[in-house]
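[1] What follows is a protein structure lacking sequence information:
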Ligand SMILES: Nc1nc2c(ncn2[C@@H]2O[C@H](COP(=O)(O)OP(=O)(O)OP(=O)(O)O)[C@@H](O)[C@H]2O)c(=O)[nH]1
């Protein structure tokens, strides 16, 4: 029998001598759109009370503006454990938090991998939003038991019947008997039924009996590392879901991925604060500290085992994949060490950001950062701006393009400077592919036209829409190139729908595309830092737009400067910056007209010469104006 003593849970939450069967463990998460009541329900169900100061409200206030605007919840995944008695039997309920946005799909799926069920929470006044829909799909694909819940039914504006119908059709729920629970997390109405549903509907963790361990009788220890955090004094704190066996203090463990070995210093459960226990057993979810110094050593999705007791690793481990890249440079290049330090400090708590150094002739030394998505980038940028108090230049985001060669080799290119020049002339390149996403937009029907138009102008394909309910809310889906949504798509979506549209997207792989590298020439000389990758159909438009922008910010020179946008050898757009006219005849009083003409002709000649050999220096401010995403 797989019993385990819960020494410390017992002290905090339950009577002495408590033992719990693995079959009485329930690991679940709550998936919800921002403000639909996730924290309130977690507080209410796990502690039975709501902190008067309102933990939910605290989180509400702590949230970065960008997180609120874009509709995501805190990306800190902390499990909470509690004991609940039902029908005379005690159950250990582990709530594993999940980020609400699919930018973090990798984090969503890793935290869902540690669960067997998910509470799908929908606000009865707001209805289903795009974020709830995409996280729902991830949970469904993982085969989790979904418990649909309608929250905030106490509010006068609640429309429980209408929203329930919306949930039936959107989530493909059979209405008879209706599995949707109707609750008010705030007043506590119906919350008891939620706990009952977790116990009755969510299956217990499946114990994978690996070979017997050295301790005989216990299966081999196998832990799934699904999150980690960093503490200045204790190093890396890993959150682990125990798949089989037992882990105790002092055990020697090994990472399957890195093969590095560690000594377990402390372990325990989260209830909701860390509560140290003697052991973590199969079915349990808890924290482990060992002598792991760097957060980069904790690979999310990795399998941990006891040294010398090999186990089959958990399937599907893949390191996080950056989907959006941007360069970050200090405005004053002397500040680079300080900027790098701030970035490193931030990545201690957000390991999904990739960093490499980048140097640009125009902007000096900087870092190239890779993010999971656009929102992740915006959140990181805002944190960086808060942390690092000098100005930074964040270059326009790019996505990782895939260059496929005729000899079947593939190369990922995320910096336009490395993009092949003119595909046809090299002869080696077969095609270029770009990442695409499946986008979902939920919007009232009167904005459907605007939304379709927006998608069309961003190269959408496979556009489809359907009504979610009788109140006229529509789900619009489309396949869009990721590069089209990394800049200002979200802002346009919000302004063209008067703020009513909610938007989310999922990775949909790669697709061949007619992409070209656009270079910009100042006085016929290319400026590397300005190169862009654009779709062939937009080359004229983008070229014209950019030369106009450059024309505005480049200071006039003593000679005329052509500003050109080129694709290969073809100039697609041009503006001419006129010369500053120095009045060379100003000092000539009287005299013959031909004397003046001679001076003017001399000036013309020397300007021609200057133009031939002259370099146009772009001042730092001009780069700031042009490259900064804020001005795009
Ligand atoms: N009237 C009413 N208000 C509720 C209910 N549940 C939550 N709220 C309120 O809705 C707001 C958002 O609730 P949260 O629990 O913070 O929502 P959340 O989904 O966790 O949001 P984030 O933490 O920001 O992601 C708070 O002001 C809550 O007090 C409910 O059942 N009824």
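    In hand now; what should we look at? Here the structure is a predicted model, which means the values were calculated and not measured. Numbering: from 1, shown residues only.
[2] Next, the buried residues of stretch 173-180.
    The neighbour-count criterion (16 or more other Cβ atoms under 10 Å) identifies 179-180 as the buried residues of stretch 173-180. Just so you know, the C-beta spots here come from the backbone N, C-alpha and C atoms, and that holds for glycine as well.
[3] I'd like the mean pLDDT over it, please.
    Mean pLDDT, stretch 173-180: 87.
[4] residues making contact with that stretch?
    Residues from elsewhere that reach stretch 173-180 (Cβ atoms under 8 Å, 6 or more residues apart in numbering): 147-150, 164, 167-168, 201.
[5] what residues are up against whatever residue of the stretch 501-632 of the chain ends up closest to the ligand?
    Residue of the stretch 501-632 of the chain nearest the ligand, by Cβ to the nearest ligand atom: residue 502 (13.9 Å). Contacts for residue 502 (Cβ under 8 Å, 6+ apart) come out as 33, 71, 129-131, 441-443.
[6] Quick one: the strands in the stretch 401-550 of the chain, in order.
    401-405, 410-413, 429-444, 461-467, 473-481, 502-512, 515-522, 525-526, 532-535 (DSSP state E, counting those that start in this stretch).
[7] Equivalent analysis for the stretch 151-300 of the chain, please.
    181-182, 222-231, 235-244, 246-248, 252-255, 261-270, 274-276, 279-281, 285-290.
[8] tell me the domain ranges of the protein?
    According to automatic domain parsing, the chain comprises the domains 6-201, 222-306, 324-397, 402-513, 516-631.
[9] now the end-to-end length of the third one.
    So the one you mean is domain 324-397. 6 Å (Cα to Cα, to the nearest Å).
[10] Give me the distance between that domain and the centre of its chain.
    In terms of Cα atoms, centre = their mean, to the nearest Å, the centre of domain 324-397 is found 15 Å from the chain centre.
[11] wait, does stretch 137-151 contact the ligand?
    Yes: residues of stretch 137-151 contacting the ligand under Cβ under 6 Å from any ligand atom: residue 151.
[12] quick one: buried residues of that stretch?
    137-139, 144-151.
[13] Also stretch 558-566?
    Using 16+ other Cβ under 10 Å as the test for burial, stretch 558-566 gives 559-566.
[14] Return the member of the buried residues of stretch 137-151 nearest to the ligand.
    residue 151 (4.9 Å).
[15] Return the item of the contacts of residue 502 having minimum pLDDT.
    residue 71 (51).
[16] now the buried residues of stretch 558-566 as a markdown table including secondary structure?
    Shown next, in a markdown table, are the buried residues of stretch 558-566 (DSSP: H, G, I helix; E, B strand; the rest coil):
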| residue | secondary structure |
| --- | --- |
| 559 | coil |
| 560 | coil |
| 561 | strand |
| 562 | strand |
| 563 | strand |
| 564 | strand |
| 565 | strand |
| 566 | strand |
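[17] is it possible to export these to CSV including distance to the ligand and pLDDT?
    Formatted as CSV, these follow (distance: Cβ to the nearest ligand atom, whole Å; pLDDT from 0 to 100):
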residue, distance to the ligand, pLDDT
559, 57, 74
560, 56, 78
561, 51, 82
562, 52, 86
563, 46, 88
564, 49, 90
565, 44, 91
566, 47, 90
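[18] can I get those in a markdown table with distance to residue 489?
    Below are those laid out as a markdown table (distance: Cβ to Cβ, whole Å):
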| residue | distance to residue 489 |
| --- | --- |
| 559 | 40 |
| 560 | 38 |
| 561 | 33 |
| 562 | 32 |
| 563 | 27 |
| 564 | 28 |
| 565 | 23 |
| 566 | 27 |
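[19] Relative to residue 287, which of those is nearest.
    Nearest to residue 287 among the buried residues of stretch 558-566: residue 565, at 54.0 Å, using Cβ to Cβ.
[20] Setting aside sequence neighbours, what's the nearest residue to the closest one?
    What sits nearest to residue 565 in space, not counting adjacent residues and going by Cβ to Cβ, 6 or more residues apart in numbering, is residue 543, at 3.4 Å.
[21] which ones are touching the one you found?
    518, 565, 567, 572-573.
[22] Out of those residues, give me the one that has the most neighbours.
    residue 565 (26 neighbours; other Cβ atoms under 10 Å).
[23] Now list the buried members of the contacts of residue 502.
    Buried by 16+ other Cβ under 10 Å: 33, 71, 129-131, 441-443, out of the contacts of residue 502.
[24] The ligand: which of those is nearest?
    residue 33 (7.1 Å).
[25] which non-adjacent residue is nearest the closest one?
    Leaving aside its chain neighbours, residue 33 sits nearest to residue 129 (4.0 Å; criterion: Cβ to Cβ, 6+ apart).
[26] picking up where we left off before, pick out the shakiest of the strands of the stretch 401-550 of the chain, pLDDT-wise.
    strand 525-526 (a mean of 82).
[27] returning to what we had before: quick one: the contacts of residue 502 as a markdown table, columns for distance to residue 229 too.
    Converted to a markdown table, those look like this (distance: Cβ to Cβ, whole Å):
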| residue | distance to residue 229 |
| --- | --- |
| 33 | 25 |
| 71 | 24 |
| 129 | 28 |
| 130 | 29 |
| 131 | 24 |
| 441 | 34 |
| 442 | 33 |
| 443 | 37 |
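[28] which one of those residues sits closest to residue 597?
    Using Cβ to Cβ, the contacts of residue 502 come closest to residue 597 at residue 441, 66.3 Å.
[29] which residues touch the closest one?
    130, 451, 455, 475-478, 493, 501-503.
[30] Let's see that with 10 Å instead.
    If you count contacts by Cβ atoms under 10 Å, 6 or more residues apart in numbering, residue 441 has them with 130, 447-448, 451-452, 454-455, 465, 474-478, 493, 497, 501-505.
[31] what does residue 478 give?
    437-441, 451-452, 454-456, 458-465, 505.
[32] that older thread, present the strands of the stretch 151-300 of the chain as CSV; the columns should include distance to the ligand.
    Converted to CSV, the strands of the stretch 151-300 of the chain look like this (distance: least, Cβ to the nearest ligand atom, whole Å):
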stretch, distance to the ligand
strand 181-182, 10
strand 222-231, 17
strand 235-244, 19
strand 246-248, 31
strand 252-255, 32
strand 261-270, 17
strand 274-276, 21
strand 279-281, 27
strand 285-290, 20
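[33] can you redo the ones you listed as CSV with mean neighbour count?
    As requested, these are exported to CSV (neighbours: other Cβ atoms under 10 Å):
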stretch, mean neighbour count
strand 181-182, 19
strand 222-231, 22
strand 235-244, 24
strand 246-248, 20
strand 252-255, 19
strand 261-270, 19
strand 274-276, 16
strand 279-281, 24
strand 285-290, 24
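[34] how close does residue 206 sit to residue 24?
    Distance of residue 206 to residue 24, computed by Cβ to Cβ, to the nearest Å: 14 Å.
[35] These two: who's more crowded?
    Applying other Cβ under 10 Å to residue 206 and residue 24 shows that residue 24 carries more neighbours, namely 19 against 12.
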